[in-house]
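Chemist: Got a predicted structure plus its sequence, pasted below:
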Amino acid sequence: MTSTTTIQRLMDSSGAPADRAFAHQLMETLAIPIFVLDTTSRVMLWNRACERLTGVPARDIIGTRDHWRSFFEERRPTLADLLIEERAGEAHRPRIGLPDDPHLSAESWCDMPRVGRRRYLAADASPIYDERGRLAAVVETLRDMTDEKLAQIALEQLATRDGLTGLANRRCFDETLHAEWARALRQRQPLSLLMVDVDNFKAYNDANGHLGGDECLKRIATAVASEMRANDLVARYGGEEFAVILPNQSLKGAASVAERIRTRVEQLQVPNRLAPAQRVTVSIGAATAIASPDNSASELVAIADAALYRAKHMGRNRISLPLTEPA
């Protein structure tokens, strides 16, 4: 950061105590949170902006090595600590020449125990040298980027979430299937897939309107998601179709999940007088593969799709398995 570089140069000024005093005063009054550690990681300075950010007054922290408690629940080094460790030998050895001083930069979530809420902080740490060219201290500046980070997360979620149901969207499904296939290939584990389609949905939508159809899809999405394990993924595949990725799940296990989904949707008792069952139901096709160089994720999708087609052809409101389980 520019402010870090300016302060560093002032503090580095050999034979200029007035400049160093000015730098100290400047750091105290800057709106940017700043703290300074000596070569033993004791706090030398903790400015007012740092007090406001952390909720920790300078009087409680100056002269201690407890600065980490202002940021983390469990002990871990700050960026300034890491720079001190990296340059430990320089505390007793003068610099040779005057190269540009490398500094460390990082961004991370911090616990902020005293404040009581996590914050996403950007940190920059730079060394300060004394008049003899030896490492004397490290200055760390902080920026609270929580709002920017939360906005970024929200945008990322918009890019991977279906706007109607809140489930993963097709893009997220494709990316996850690719990643899970690669993992299954490495670990030689089964990967199962369910294709779930709402029966007679066009007739339901025509009878109840788009708002009624949307509400129906949201209720079904909730029902399907309720049967998922932590590592499973349910996505809106398109229209009234959903897809479920079941990592490390056998075909027998996938069939059990499919039947629970079918039953749960049936138990919603959403009326559909144009359907044979007089209520909204789903048909489900299941497929399982052991990933290998001889097959692909797209083949798994095709097999699950074919099974779904058979479930529809056989009368709907049922699950269908592959005619032959893929290798």
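Modeler: Sure, I can see it.
Chemist: drop to CA atoms for contacts and neighbour counts, all remaining ones
Modeler: Noted.
Chemist: tell me the pLDDT at the residue nearest to M195 when sequence neighbours are not counted?
Modeler: Spatially, and ignoring its direct neighbours in sequence, M195 is nearest to A243 (4.7 Å; CA to CA, 6 or more residues apart in numbering). Looking at A243, its pLDDT reads 98.
Chemist: same thing with G89?
Modeler: Note for G89: predicted pLDDT of 55.
Chemist: so A243, which of the three states?
Modeler: Following DSSP: H, G, I helix; E, B strand; the rest coil, A243 is assigned to strand.
Chemist: distance of it from M228?
Modeler: 12 Å (CA to CA, to the nearest Å).
Chemist: Overlap in contacts, those two.
Modeler: Common contacts of A243 and M228, defined by CA atoms under 8 Å, 6 or more residues apart in numbering, comprise V234.
Chemist: Which one's more surrounded, the two?
Modeler: Neighbour totals were compared for A243 and M228, and A243 leads with 27 against 16 (other CA atoms under 10 Å).
Chemist: which residues touch the more buried one?
Modeler: F173, L193, L194, M195, V196, V234, A235, R236, Y237.
Chemist: I'd like to know which of those are buried.
Modeler: By neighbour count, with 16 or more other CA atoms under 10 Å, the contacts of A243 hold F173, L193, L194, M195, V196, V234, A235, R236, Y237 as buried.
Chemist: before we move on, back to that, in the sheet, who's paired with the residue nearest to M195?
Modeler: Listed beta-bridge partners, A243: M195, A235 (assigned using DSSP bridges).
Chemist: Make CSV out of the buried ones among the contacts of A243 and add distance to Q25 and pLDDT.
Modeler: CSV is the format used below for the buried ones among the contacts of A243 (distance: CA to CA, whole Å; pLDDT from 0 to 100):
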residue, distance to Q25, pLDDT
F173, 55, 97
L193, 64, 98
L194, 65, 98
M195, 66, 98
V196, 66, 98
V234, 57, 98
A235, 56, 98
R236, 58, 97
Y237, 60, 96
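Chemist: Okay, now the unreliable bits of this structure?
Modeler: The chain contains residues with pLDDT under 70 at 1-20, 22-23, 88-101, 324-327.
Chemist: so P271 touches A277, yeah?
Modeler: No: contact criterion CA atoms under 8 Å: P271 and A277 do not qualify, at 9.1 Å.
Chemist: That'll do, ta.
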